[in-house]
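>>> Whatever this is, show me its structure:
(chains A, B, C, D, E, F and G)
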Amino acid sequence: MAERRPFDVLNNAINNTVIVGMKGGYEFRGVMVAYDVHMNLVLEKAEQLQGGEVKRGVGTVLVRGDSVTFISPS
Amino acid sequence: MAERRPFDVLNNAINNTVIVGMKGGYEFRGVMVAYDVHMNLVLEKAEQLQGGEVKRGVGTVLVRGDSVTFISPS
Amino acid sequence: MAERRPFDVLNNAINNTVIVGMKGGYEFRGVMVAYDVHMNLVLEKAEQLQGGEVKRGVGTVLVRGDSVTFISPS
Amino acid sequence: MAERRPFDVLNNAINNTVIVGMKGGYEFRGVMVAYDVHMNLVLEKAEQLQGGEVKRGVGTVLVRGDSVTFISPS
Amino acid sequence: MAERRPFDVLNNAINNTVIVGMKGGYEFRGVMVAYDVHMNLVLEKAEQLQGGEVKRGVGTVLVRGDSVTFISPS
Amino acid sequence: MAERRPFDVLNNAINNTVIVGMKGGYEFRGVMVAYDVHMNLVLEKAEQLQGGEVKRGVGTVLVRGDSVTFISPS
Amino acid sequence: MAERRPFDVLNNAINNTVIVGMKGGYEFRGVMVAYDVHMNLVLEKAEQLQGGEVKRGVGTVLVRGDSVTFISPS
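Numbering: from 1, shown residues only, chains lettered A, B, ... in the order given. Just a heads-up that it's a prediction; the model follows:
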């Protein structure tokens, strides 16, 4: 069944791993445990990725919605 | 018949393949299954494109409207 | 007779070819069939231009007003 | 007599030639025939300038206020 | 006596020469004759500066507040 | 237990060390002692980091929320 | 005692020297004599710094809050 509202994707992704694209061109990958209407997100067990490579582990990270370009559940 | 309002393009594109231009200069191509008034979009079977070449498959992706520059139905 | 309000240009350009300047430095050229108060635009028979050269045809395209820098009717 | 409000400059420049600085670093020069509170402008007999050189004629152009950095009547 | 509100600086600078820093990295220098709450400014006898050097005279210029980074009375 | 709202991360991080990602690509690391709804933050014993290296100590710093891209408690 | 609200840092810094980080990557250092809720700031005896080096003295400067990235009292 198709999603009907964009935020359904976020709701369905709770406790699942997502890739988050960031305005600076890098990405975070982690387990999304919270989000709000501004697309502020909390990831746990998160890694920062650059060019598809893991740059470093960051544990828990609050990502500011204003810096998010896309969110892709895995 | 000509479109009369910009969002008609989005409504008509539901369940069809679209190309989405992104502020960082790259594009997504996928089947649009949801959008909202901020132009937040959900694509399925999506691919990320750079310079017209497929960079990688991303499956389902929620694209943040603020990062969208254009949307072109195919 | 001179235009009196900026949006008159858009209204007068409906069903005519326009050049649309984009924040990334490239342009679209196509027949404008719709616009709204945010300067979201719909072009048909559109082409993407870079440095004055046609880069590719894109058919119908919804251009997000936030990415528009100028619109010039031809 | 000194101007008292910034928009007086726009009002006084109607039907006169202005230079418009744009965020991308280039400029338009043309006869300003309309403006609104967002600093959306309409120029006629307009030329696009880069580094002080005329790059091309654009005829009538609607310039989006969000992309304007300055306006200088000549 | 110390200034108490930021806009006092603007009020005190009316009819005096100011340097205006712009987002693109360049500056204007001129006699400020008007401003509003958005920090839109009007300068007269204005010059555009790049790297501290006068690039050109621009006469009267309306500077869009959104492009201003700082204003320094001389 | 998983966080439920993004700002819970900020609340839990009070008086703890955090890494703050900034739009310019650098980071601050310090003890977060205050935040508000705009994600304006106050760090104490703060250091500015570039490419993972300490660039300099800055003591107390008020970080403007608009420039924040992510916040990661350590 | 820890600060409780971000703007307390500004209030406490009145008449003290601060370093102000700017979006363009440079900094101002001066005595802060005024601020408002937009983080518009007035510095006196101010210097513009680039890469930690004094580039020039600017005397009094009104810094637009929108261009501020951080403020650090010394």
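>>> going forward, measure contacts between C-alpha atoms and count neighbours the same way
Will do.
>>> With adjacent residues omitted, what lies nearest to residue A:72?
With sequence-adjacent residues excluded and distances taken as CA to CA, 6 or more residues apart in numbering or on different chains, residue A:72 is closest to residue B:61, at 4.3 Å.
>>> Ramachandran coordinates for residue A:39?
The phi and psi values for residue A:39, taken as degrees, to the nearest 10, are phi 70, psi 20.
>>> where's the residue nearest to residue A:72 relative to residue A:60, distance?
Plainly put, residue B:61 is 22 Å away from residue A:60 if you go by CA to CA, to the nearest Å.
>>> hey, where'd the strands end up in chain A?
With DSSP state E, the ranges of strands along chain A come out as A:17-22, A:27-35, A:41-50, A:53-63, A:68-73.
>>> okay if I get these as CSV plus mean neighbour count, distance to residue F:31 and mean pLDDT?
As requested, those are arranged in CSV below (neighbours: other CA atoms under 10 Å in any protein chain shown; distance: least, CA to CA, whole Å; pLDDT from 0 to 100):
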stretch, mean neighbour count, distance to residue F:31, mean pLDDT
strand A:17-22, 22, 25, 98
strand A:27-35, 24, 23, 98
strand A:41-50, 22, 19, 97
strand A:53-63, 18, 16, 97
strand A:68-73, 24, 25, 98
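>>> Just send those back as CSV, with distance to residue F:22 too.
Below are those laid out as CSV (distance: least, CA to CA, whole Å):
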stretch, distance to residue F:22
strand A:17-22, 12
strand A:27-35, 14
strand A:41-50, 14
strand A:53-63, 11
strand A:68-73, 13
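>>> Minimum distance to residue D:30: which of those strands has it?
Put simply, out of those the one that sits nearest residue D:30 is strand A:68-73, at 36.9 Å, with distance taken as CA to CA.
>>> what angle separates that closest one from strand B:68-73?
When axes from the mean of the first three to the mean of the last three CA atoms, to 10 degrees is applied, the directions of strand A:68-73 and strand B:68-73 differ by 50 degrees.
>>> Report the strands that pair with strand A:68-73, each with its relative direction.
Using DSSP bridges, strand A:68-73 pairs in its sheet with strand A:17-22 (antiparallel), strand B:53-63 (antiparallel).
>>> could those go into TSV alongside distance to residue C:14?
Conversion of those to TSV gives the following (distance: least, CA to CA, whole Å):
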stretch	distance to residue C:14
strand A:17-22	36
strand B:53-63	29
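>>> The nearest residue to residue A:60 once chain neighbours are set aside: what's it in contact with?
Counting by CA to CA, 6+ apart, the nearest residue to residue A:60 once its immediate chain neighbours are dropped is residue A:44, at 4.3 Å. The neighbours of residue A:44, taking CA atoms under 8 Å, 6 or more residues apart in numbering or on different chains as the test, are A:30-33, A:59-61.
>>> Could you measure from the residue nearest the centre of chain A over to chain D?
For chain A, the residue whose C-alpha lies nearest the mean C-alpha position (CA atoms, centre = their mean) is residue A:20; its distance is 3.5 Å. According to CA to the nearest CA, to the nearest Å, residue A:20 and chain D sit 28 Å apart.
>>> Chain neighbours aside, what residue packs nearest to that residue?
Ranked by CA to CA, 6+ apart and with sequence neighbours excluded, the top spatial neighbour of residue A:20 is residue A:71, at 4.5 Å.
>>> Bridging across strands, which residues link to the one you found?
According to DSSP bridges, residue A:20, residue B:62 are recorded as the beta-bridge partners of residue A:71.
>>> surely it meets residue B:65?
No. With contact defined as CA atoms under 8 Å, residue A:71 and residue B:65 do not form a contacting pair (11.8 Å).
>>> what's the span of stretch A:13-33, first residue to last?
As for stretch A:13-33, its first-to-last residue distance stands at 9 Å under the measure CA to CA.
>>> cool, and stretch A:32-46?
Stretch A:32-46 has its terminal residues 9 Å apart, counting by CA to CA.
>>> Measure how far that stretch is from the centre of its chain, please.
Distance, stretch centre to chain centre, for stretch A:32-46: 6 Å (CA atoms, centre = their mean, to the nearest Å).
>>> same thing with stretch A:53-62?
Put simply, stretch A:53-62 sits 11 Å off its chain's centre (CA atoms, centre = their mean).
>>> which residues sit against that stretch?
Residues from elsewhere that reach stretch A:53-62, judged by CA under 8 Å, 6+ apart: A:40-49, F:6, F:9, F:70-74.
>>> circling back: need the contact list for the residue nearest to residue A:20.
Applying CA under 8 Å, 6+ apart, one finds that residue A:71 lies in contact with A:18-21, B:61-63.
>>> beta partners of the residue nearest to residue A:19 when sequence neighbours are not counted?
Taking CA to CA, 6+ apart, and ignoring the residues beside it in sequence, residue A:19 has residue A:29 as its nearest neighbour in space, at 4.5 Å. With beta bridges defined as DSSP bridges, residue A:29 has these partners: residue A:19, residue A:47.
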